[in-house]
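Q: Quick one, fold the following:
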Amino acid sequence: MALAGTVNDHGTKEAGSGGEVEMELDDFYFGPTFVRGLPTTAYTLKLKNEGEVVHTFTVDGFPVDVTVQPGATADASLSLPASGAVRFYCRFHAGQGMQGAFYLNAGDTVANLGTSIGSGGASSAPAGDGDGAYGQ
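A: Take a look at the predicted model:
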């Protein structure tokens, strides 16, 4: 799977028919990086910051922007759209590859970004979200 910009890929997970998805936030990646879900399904994300700096779990176009301190945990809720994919990222470290996506099918277009998810590696282009490198 790939997104535009740098992506520190730490695997893919099948989320299934709803419920909880455990998400590791670390320096500087999400694990898993890609999560395959089901259309119009709501998920509770169990976020755990295993890194040494503050991270966020942010989703543009959705009411999701959770800050997680080092060593702390937090929850977030996300309902997937009927089609497409949803990009998530850390506001402080997206430009360093800390981004990922929920998707339904390979090749889906990211609804909140306008790029597609497909096979292959990530490019080395900047993520383009203007985020700084706070907390390094």
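Q: And for residue 102, the neighbour number?
A: 25 (other Cβ atoms under 10 Å). C-beta here means a position set from N, CA and C on the backbone, and glycine is covered the same way.
Q: bridging residues for it?
A: residue 35, residue 86 (DSSP bridges).
Q: what does residue 25 give?
A: With DSSP bridges as the criterion, residue 25 is bridged to residue 30, residue 49.
Q: Would you check that it makes contact with residue 67?
A: No: using Cβ atoms under 8 Å, residue 25 is not in contact with residue 67; the gap is 10.3 Å.
Q: Spit out the residues that contact the two alike.
A: residue 55 (Cβ atoms under 8 Å, 6 or more residues apart in numbering).
Q: what about these two, which has more around it?
A: Between residue 25 and residue 67, counted using other Cβ under 10 Å, residue 25 has the larger neighbour count: 27 against 16.
Q: How many neighbouring residues does residue 58 have?
A: For residue 58, using other Cβ under 10 Å, the count is 21.
Q: Revised request: answer the last question for residue 82.
A: Residue 82 has 8 neighbouring residues, counting by other Cβ under 10 Å.
Q: how about it, what does it touch?
A: 39-40.
Q: Please name the residues that touch the closest residue to residue 14 other than its chain neighbours.
A: Of all residues not flanking residue 14 in the chain, residue 36 sits nearest, at 5.2 Å (Cβ to Cβ, 6 or more residues apart in numbering). Shown in contact with residue 36 (Cβ under 8 Å, 6+ apart): 12-15, 102-104.
Q: all strands of this protein, in order?
A: 12-14, 19-26, 29-31, 34-36, 42-49, 55-59, 64-68, 73-79, 85-89, 99-103 (DSSP state E).
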